[in-house]
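Student: For reference, the sequence and a predicted model appear below.
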Amino acid sequence: MLIGKFVPINSIIHRLDARMKIVSLIFLLVAVISTSTVYGYAAIIMVLTVIIWLSKLSLFAVLSPIRRLWLFFIVIFFMNAFFFSSDNPLFSWWIISFSGEGIRQGIKVVFNVCVVMILGNVLTLSTSPIDMTNALSSLLTPLKLLRVPVEDVAMIINIAIQFVPTILEESNMIRKAQTARGAHFESRKLREKALSFLPLLIPIFISSFRRADELSLAMEARGYRNAKRRTKKAGVPFRVLDVTAVAACFVICIIQIYI
Amino acid sequence: MNNTVHHNSTVIHGSDISFSYDFDGQLSSALTDIDIEIKKGEFVAILGQNGSGKSTLAKHFNALLPVQKGKLTVCGIDAKNQSEIWRLRRLCGMVFQNPDNQFVSSVIEEDVAFGLENYEVDRELIPDMVENALRLVGMSGYEKRSPHSLSGGQKQRVALAGVLALDPDIIVFDEVTAMLDPMGRKEILEEIHRLNKETGKTVVMITHYVEETVNADKVLLLHNGRVAGFGTPREIFTNTELMQRVGLVSPVPVRLFNDLKAEGICLKSCPLTNEELVEEICRLS
Ligand SMILES: Nc1ncnc2c1ncn2[C@@H]1O[C@H](COP(=O)(O)OP(=O)(O)OP(=O)(O)O)[C@@H](O)[C@H]1O
Ligand SMILES: [Mg+2]
């Protein structure tokens, strides 16, 4: 999976309020996108290093999505390097034009995507799913003005996350059962591989619906009416640490935009 | 205080309850003319084969299914009264068969708090009530864990804690041991009996394992949606003709008692459990 699984260790990054982590992430993303100088990139790399170091996560875990997608990065790089239209190409033929700017553009795009992935990965590795859903629903609160049922959405996300391990375990079981009956999932050809997953998908769908049915019964039995008529979650106050972190990210963002 | 239920008063009273499922416009009858009376503090087992209507009946007690015909009163509340459904569900809790399909959160303490939050209990009061409920089922210290990291028996105990947190008068267990290994089954069964004795909560336990019901106060036998028998386990299991008719096999000690009798060896009274059987045999010599 591309998104990391929560690693419960005790670090400053882990202790940060999840809402503030998400907001900080957004500021940093803006900072990365608006960077254009070499110093800017160096600063971003430094910030990233400090964040990873503070999070006490292993570099291997943090970088693993990038390691897995190396092919994707090479494709992005060449797409940009070859198709970036430039005024003074080194070499040009039909729609292909190869230029120094193109190469720079390729590096920039790959760099940006990498940073986004690393930051997203640090966020998911350092935040428990529950904190994440609570944070999301609290950040989405303004959408209530647009009549989005924020509480229901949060409840749906919460339950969906809770069912992921169960369904994964089940798909493994079905897969083994079908392998035992002669199905092969190990085929190298993409088409065969895709087709072989169909018989896996159908039982999983059916059992997921049955699960949903039973779960809704269990929820009603415990007095569930709708997401609004429930005890409200506590409004956890921000601590100095949280505010400082967001402020730091905000400053980085502003500096990157104006330099 | 007209809601207080006195000891030995009836907490579940149903008469003439019938129910049909509507399956694509085709009605299939699941319950026919059920009469039932359960007293406060009793441990009642509902026993029957697959498809005999046990779950359908149980879902009537907390209004998960509507009363189509007949009359049902639970804790003094008429189950037909739509405006009282939520109060009824708080008084009559239910634990289900598949432990994986009744958790709403991947953190145990949040799952146990789910019911309390539904009843808009004050946020400040919830942590203590959750802790209390987990202590009652012997799962203190697991607050922050995920239900997925537990054994089947532990999962069902956490599910029970989620129901207990609401402090219901009646708890219905719908085949809660069906998906557990023998150890887990024993664990949960003992937990339910202990709960019934120590807190005096009325227990309705559904099962199709005859052996699990021998220590119940009463056994209700269901067969094809009808009540085939209602009485103490001894009354039910020693009635060989009745047991045969509903297609169930009596517990081993009862069968041994009958076989011994056929051989001319008469034990004083029919034993239900292995312990009683040993006692009776010892008395012989
Ligand atoms: N949702 C439904 N729709 C249609 N028919 C149903 C439905 N649920 C149960 N039935 C039918 O009603 C009858 C009684 O089912 P019920 O689930 O109450 O039996 P049960 O005694 O609980 O069985 P089990 O031991 O398998 O849990 C069965 O014939 C069943 O096929
Ligand atoms: Mg059933």
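Tutor: Looks like it came in fine. Bear in mind that the values here come from a model prediction, so they are computed numbers and not experimental data. Numbers count the residues shown, from 1 in each chain, chains lettered A, B, ... in the order given. Ligands and ions are numbered 1, 2, ... in the order given.

Student: Now B:Glu175. Nearest residue, chain neighbours left out?
Tutor: B:Gln97 (4.4 Å; Cβ to Cβ, 6 or more residues apart in numbering or on different chains). In short, each C-beta sits where N, CA and C put it, glycine included.

Student: near ligand 1, which residues of the stretch 1-150 of chain B show up?
Tutor: When proximity is defined by Cβ under 6 Å from any ligand atom, the stretch 1-150 of chain B lies next to ligand 1 at B:21, B:23, B:28, B:30, B:48, B:50-56.

Student: Closest one of those residues to chain A?
Tutor: B:Ser55 (10.0 Å; Cβ to the nearest Cβ).

Student: Now do whichever strand or helix holds the closest one: distance to the chain's middle.
Tutor: Taking DSSP states H and E as the definition, B:Ser55 sits inside helix B:54-61. In terms of Cα atoms, centre = their mean, to the nearest Å, the centre of helix B:54-61 is set 10 Å apart from its chain centre.

Student: CA-only coordinates of it in PDB, if you can.
Tutor: Taking C-alpha atoms only, helix B:54-61 is exported to PDB below (Å, rounded to 0.1, in the frame of the first residue of the first chain):
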ATOM      1  CA  LYS B  54     -34.600 -18.000  17.400                       C
ATOM      2  CA  SER B  55     -33.000 -14.900  16.000                       C
ATOM      3  CA  THR B  56     -36.300 -13.600  14.700                       C
ATOM      4  CA  LEU B  57     -37.900 -13.900  18.100                       C
ATOM      5  CA  ALA B  58     -34.900 -12.300  19.800                       C
ATOM      6  CA  LYS B  59     -35.000  -9.300  17.500                       C
ATOM      7  CA  HIS B  60     -38.600  -8.600  18.700                       C
ATOM      8  CA  PHE B  61     -37.400  -8.100  22.300                       C
END
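
Student: tell me which residues of it are tucked away?
Tutor: B:54-61 (16 or more other Cβ atoms under 10 Å in any protein chain shown).

Student: How about the helix or strand that it is followed by and chain A, any contact?
Tutor: Per DSSP H and E, helix B:54-61 leads on to strand B:69-74 as the next helix or strand towards the C-terminus. No. Strand B:69-74 stays clear of chain A (Cβ under 8 Å from any Cβ of the partner chain), getting no nearer than 13.2 Å.

Student: Check which helices and strands strand B:69-74 sits against.
Tutor: strand B:10-23, helix B:54-61 (3 or more Cβ pairs under 8 Å, 6 or more residues apart in numbering or on different chains; DSSP states H and E).

Student: re earlier: sec struct for the residue nearest to B:Glu175, please.
Tutor: coil (DSSP: H, G, I helix; E, B strand; the rest coil).

Student: That one is in contact with B:Asp174, isn't it?
Tutor: Yes. Taking Cβ atoms under 8 Å as the definition, B:Gln97 is a contact partner of B:Asp174 at 5.8 Å.

Student: So for these two, which sits in the more crowded spot?
Tutor: B:Asp174 (22 against 18; other Cβ atoms under 10 Å in any protein chain shown).

Student: quick one: the more buried one from chain A, how far?
Tutor: B:Asp174 is 10 Å from chain A, where distance means Cβ to the nearest Cβ, to the nearest Å.

Student: which residue sits closest to that residue, ignoring its sequence neighbours?
Tutor: Per Cβ to Cβ, 6+ apart, closest to B:Asp174 is B:Ile206, 4.8 Å.

Student: closest to chain A out of the helices and strands packed on strand B:69-74?
Tutor: Nearest of those (Cβ to the nearest Cβ): helix B:54-61, 8.0 Å.

Student: That closest one vs strand B:69-74, what angle?
Tutor: With axes from the mean of the first three to the mean of the last three Cα atoms, to 10 degrees defining the directions, helix B:54-61 sits at 70 degrees from strand B:69-74.

Student: quick one: helix B:54-61 to strand B:10-23, angle?
Tutor: Using the same axes, to 10 degrees: helix B:54-61 against strand B:10-23 is 120 degrees.

Student: so what does helix B:54-61 touch, helix or strand wise?
Tutor: Looks like helix B:54-61 contacts strand B:10-23, strand B:26-39, strand B:43-47, strand B:69-74, strand B:92-95, strand B:170-174, strand B:202-207 (3+ Cβ pairs under 8 Å, 6+ apart).

Student: Pull up the pairing partners for the fifth one, direction included.
Tutor: Going back to what we said before, that points to strand B:92-95. strand B:170-174 (parallel) (DSSP bridges).

Student: got the contact list for the residue nearest to the spatial centre of chain B?
Tutor: The residue lying closest to the centre of chain B (Cα atoms, centre = their mean) is B:Met205, at 1.7 Å. B:Met205 sits next to B:43-46, B:172-173, B:176, B:192, B:212-213, B:216 when contact means Cβ atoms under 8 Å, 6 or more residues apart in numbering or on different chains.

Student: Equivalent analysis for A:Ile12, please.
Tutor: Counted by Cβ under 8 Å, 6+ apart, A:Ile12 has contacts A:54-55, A:241.

Student: try A:Leu201
Tutor: Per Cβ under 8 Å, 6+ apart, neighbours of A:Leu201: none.

Student: Angles on the backbone of it, please.
Tutor: phi -70, psi -40 (degrees, to the nearest 10).

Student: Same question for A:Pro237.
Tutor: Dihedral angles (degrees, to the nearest 10) for A:Pro237: phi -70, psi 150.

Student: Run a quick neighbour tally on it.
Tutor: Residues near A:Pro237, counting by other Cβ under 10 Å: 7.

Student: Tell me the one among the contacts of A:Ile12 nearest to ligand 1.
Tutor: A:Ser55 (48.6 Å; Cβ to the nearest ligand atom).

Student: Show me the shaky parts of the stretch 1-150 of chain A.
Tutor: A:1-4, A:85-97 (pLDDT under 70).

Student: Tell me the residues of it that contact chain B?
Tutor: Near chain B, when you scan the stretch 1-150 of chain A using Cβ under 8 Å from any Cβ, you find A:128-130.

Student: ok, the residue nearest to A:Arg15 when sequence neighbours are not counted - contacts?
Tutor: Spatial nearest neighbour of A:Arg15, excluding adjacent residues (Cβ to Cβ, 6+ apart): A:Leu241 at 7.1 Å. A:Leu241 sits next to A:12, A:15-16 when contact means Cβ under 8 Å, 6+ apart.

Student: what does B:Phe19 give?
Tutor: Contacts of B:Phe19 (Cβ under 8 Å, 6+ apart): B:29-31, B:53, B:56, B:60, B:65, B:67-69.

Student: quick one, longest helix in the chain?
Tutor: Since you didn't name a chain, this refers to chain A. Within chain A, and with DSSP state H defining each element, the longest helix by residue count is helix A:150-180.

Student: try chain B instead
Tutor: helix B:182-199.

Student: ok, how many other residues are close to the residue of chain A found nearest ligand 1?
Tutor: Taking Cβ to the nearest ligand atom, ligand 1 has its nearest neighbour within chain A at A:Asp213, 8.7 Å off. By the criterion of other Cβ under 10 Å, A:Asp213 has 11 neighbours.

Student: Quick check: buried residues in the host helix or strand of it?
Tutor: Following DSSP H and E, the helix or strand that holds A:Asp213 is helix A:198-221. The neighbour-count check on helix A:198-221 (16+ other Cβ under 10 Å) flags A:200, A:203-204, A:207, A:211, A:214-215, A:217-221 as buried.

Student: Show me the helices in chain A, by range?
Tutor: A:12-15, A:18-34, A:38-55, A:59-68, A:70-83, A:100-126, A:129-139, A:150-180, A:190-196, A:198-221, A:240-258.

Student: List the residues that contact A:Met219.
Tutor: B:104, B:114.
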